[in-house]
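Undergrad: Return atomic coordinates for the entry below.
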Amino acid sequence: MKHFLSTTLATIVGLLISGLLFFFILFAVIAAMSSADKTYDIKPKSILTINLSGALVEQGQDNPFDLAIPGMPIDPSMQAQGLDDILAAIKKAGEEDHIKGIYLKAGALQSGFASAEMIRNALIDFKAKGKFIVAYGDTYDQRDYYICSTADKVFLNPGGLLNWCGLAANPVYFSKTLDKLGVEMQVFKVGTFKSAVEPYISTKMSPENRLQTTEYLEGIWASLLAGVSESRALSVDTLNLLADENQLLKPATDILKARMVDSLAYENGVKDYLAAKLDIDKRKDLNMVSVSECLAAPAKVKFVKNKIAVLYAEGDIVDDGGDGITPAALIKEIDDIRDNDNVKAVVFRINSPGGSAYASEQIWEAIGALKAEKPVVVSMGNLAASGGYYIACNATKIVASPMTLTGSIGIFGLFPMVEKLTDKIGLSFDVVKTNAMSDFGVMVRPMSAPERQKMQQYIDNGYELFVKRCAEGRSMTPEAIKNIAEGRVWTGAKAVELGLVDELGSLDKAVEVAAGLAKVTDYQLSYYPEKKDFFTVIMESFTEQTKLKVAMALLGEEYAPFVKLKAEGIQTGVLARMNEISIR
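TA: Okay, the predicted model is just below:
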C-alpha cells in the first residue's frame, strides 16, 4: 500500500510539473514570437548600459525569453553575454547621435584578459568621439577594473571593494584523489613543459610549469599595469605597491585616497550624476539603453557585395558530439565560405585550449584548402594553445592580443586504469584473445611494456606531425619550432618575438589585415556560424534550464560544482590540449 501511495503521489507531482513546464514554454514561445522582429527607437540623451557580469563568450545568442520559474533562483553566471554583441553595441553607440555616453556597471565579468582588452579598446575609441563613460561598482575585480579604468569618472559604493592584488594561478591536483579511488592515469607525452598531465600524476607544479606560468602571468600583469597606468595617471610602480598591499582588504575611503576611483557613491547617486550631466531633472527620466536594445535600433546599412567572413571556433576541440569545436560542424562552415564567391577573405577567430589531436589535424587540412583559394587570417582570443594553435598555424597570417595564451606545441595521451577500483568493489575480469594485444586499451589492467612502448611511439609520431604542421604553416624549420615547442605556453606578445604570431591586435586588426591581403576596401562582414534562430534558442534554453533546476533541486548548494564538473569533464585519448589554469 505504501509503495502504491508513493508511486501515485510521484506520478501526480510529475504531471503537475510537466503541465507547468508546458505552460511556461507556451508562454515563452508566444512572447518570443510577438517580440522577435521588434526594433528599438533610441531617444535623445540616451546612455548605453553595459553590465560587466556573467560569463563572456565569443559569439552571443539571442535570448528571447527567460524560463525562470518563480521560487527557483537562477545562477547569474549561467547567463552568458556575447563579446561580439558588446563590441557591436559600443561601436553603434559611438555612431548614434542620441547616445551621449556609456554607463559601465561592474559585476565580476567571467572572461579572459584578451577579451577584456578588446572591450577596453572599444571604449577608448568610443571616448575619442567626444562622448563620456561613467563606471560604477559595488565590487570591482581586476578584469572589471581594467575595463572600467577607461571611464571619465569611476565610482565605488561607499561599502564596496576593489580587488587589486596582482595575478595568481592556482592549478588543482587530484592525483591523491585518484589514488584513493583506485584509478591510475597512464600518461604518455612529448614536451617538457606540457603541463596538462600534471594534475593526474603529481601534487604540485613541475619546475618547468612554474617557470612558464610565472612568465605568462608577469606578461599579462605588465599589460594590465600599462593600461591602468595610462587611464588613471598612476605610475606602474605605484600600482604595484597598491597591489602588494591588497586593496581588497582596504576600506573604500583608502581606495579613493589612492586615486584608484574618483568618487564614492551609491548607485542612485551615480544616476543622479548622470541625470545632471545630461541636464535631466530626475534620474527616473534617464534613458538607459541595454546592449540588446542598442543592437535592435534601426541602422543605415548599405548592401556591399564583397564580404569578409568571420569564422568562430570556441571551446575544446572534440572528435564529435557535444559542445565545443568539432571537425564535422566547422568544416561544413569552411566549405560554405569557400564556395561563396562573394567572400574575399576569412578571419578565423579562435578561442580554444585545444583537445583531440585527430580532430585538430582534420581542421588544419580544411584551413589549408581554404587558404589555397582565399586569404585566411587568424584572430586569437584568450586562448589559442596546443590544438588551438594547431588549427591556427596553417593560416596566411596570425594576429593575437598581447595577453593571448598560445603555443603549447605538445601532445599527450591519457588513459585511465581502474584495476584497483574494481578490486575494491569486488569486480573481477577475465579475457580470451586470439593475439597478444587483442585487448589493448581495456581499463581493467595496466598496459604491458610492449603496449606502452607502442603507445609512446604513437605519441612521438603525433608530436613530429604537429611540429611539421607548425613549421610548414610558419615557414620555419622543424628544429626552430622544436626550440620553442616542448609544450611551452607563451603570451601573444612573446609569440610575435618567436615567430609563432605575425602581429599584435584585436579582431578589428585581423579584419584589416584580411582586407589588405584580399585587396578590398569596400566590404561587409558576414559571420559563421550564423546565430541560432529564437525557436532553437528557446528549446536549448529550456533543456539547459530544466537540467539546472533538477540539479539544484536534487543537490541543493552542491549543484554548482556538479554542473561545473559535468561541463568540464575529463578528456582521454591522444590530446593536443593546454591545461586551463584559473587566473585571478
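Undergrad: Give me the phi and psi angles of Thr213.
TA: phi -70, psi -40 (degrees, to the nearest 10).
Undergrad: Pro188 should be in a helix, yeah?
TA: Just so we're on the same page, residue 188 is Phe rather than Pro. No. Read with DSSP: H, G, I helix; E, B strand; the rest coil, Phe188 is strand and lies in no helix.
Undergrad: Surely it and Phe412 touch.
TA: Yes. With contacts counted by C-beta atoms under 8 Å, Phe188 reaches Phe412, the gap being 6.4 Å. (Each C-beta comes from the backbone N, C-alpha and C, glycine too.)
Undergrad: Same drill for the two, tell me which one is more crowded.
TA: Between Phe188 and Phe412, Phe412 has the larger neighbour count (other C-beta atoms under 10 Å), namely 25 against 20.
Undergrad: Give me the three-state assignment for the more buried one.
TA: Per three-state DSSP, Phe412 ends up strand.
Undergrad: on that earlier part again, can you check which residues contact both of Phe188 and Phe412?
TA: Ile459 (C-beta atoms under 8 Å, 6 or more residues apart in numbering).
Undergrad: now the helices: where do they sit in the stretch 151-300 of the chain?
TA: Applying DSSP state H, counting those that start in this stretch to the stretch 151-300 of the chain gives helices spanning 175-181, 198-201, 207-232, 236-245, 252-257, 267-277, 291-296.
Undergrad: CA-only coordinates of the second one in PDB, if you can.
TA: Listed in PDB are the C-alpha atoms of helix 198-201, where the atom choice follows Å, rounded to 0.1, in the frame of the first residue of the first chain:
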ATOM      1  CA  GLU A 198      50.400  17.100 -14.200                       C
ATOM      2  CA  PRO A 199      47.100  17.200 -12.200                       C
ATOM      3  CA  TYR A 200      46.700  13.400 -12.800                       C
ATOM      4  CA  ILE A 201      50.200  12.300 -11.700                       C
END
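Undergrad: Report the contact partners of Val444.
TA: Met417, Val418, Glu419, Thr422, Phe429.
Undergrad: By neighbour count, which of those wins?
TA: Each of the contacts of Val444 was scored for neighbours by other C-beta under 10 Å, and Val418 scores highest at 19 neighbours.
Undergrad: By mean pLDDT, point me to the weakest helix or strand of this protein.
TA: Within the chain, no helix or strand scores below helix 559-568, which has a mean of 46 by mean pLDDT, DSSP states H and E.
Undergrad: Residues in contact with stretch 113-122: which ones?
TA: 56, 83, 86-87, 90-91, 109, 143, 146-147, 149-150, 220, 223-224, 227, 380-382, 400-404, 492, 506-507, 583.
Undergrad: Quick one: mean pLDDT for that stretch?
TA: Mean pLDDT, computed over stretch 113-122, is 97.
Undergrad: Now do it: distance to the chain's middle.
TA: Taking the mean of its C-alpha atoms, stretch 113-122 sits 13 Å from the chain's own mean (C-alpha atoms, centre = their mean, to the nearest Å).
Undergrad: Can I get that stretch as PDB, trimmed to CA atoms?
TA: Extracted in PDB, the C-alpha atoms of stretch 113-122 (Å, rounded to 0.1, in the frame of the first residue of the first chain):
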ATOM      1  CA  PHE A 113      42.100  39.100 -20.300                       C
ATOM      2  CA  ALA A 114      42.400  39.300 -24.100                       C
ATOM      3  CA  SER A 115      38.600  39.700 -24.300                       C
ATOM      4  CA  ALA A 116      38.700  42.400 -21.600                       C
ATOM      5  CA  GLU A 117      41.300  44.200 -23.600                       C
ATOM      6  CA  MET A 118      39.000  44.200 -26.700                       C
ATOM      7  CA  ILE A 119      36.200  45.800 -24.700                       C
ATOM      8  CA  ARG A 120      38.600  48.300 -23.200                       C
ATOM      9  CA  ASN A 121      40.000  49.300 -26.600                       C
ATOM     10  CA  ALA A 122      36.500  49.700 -28.000                       C
END
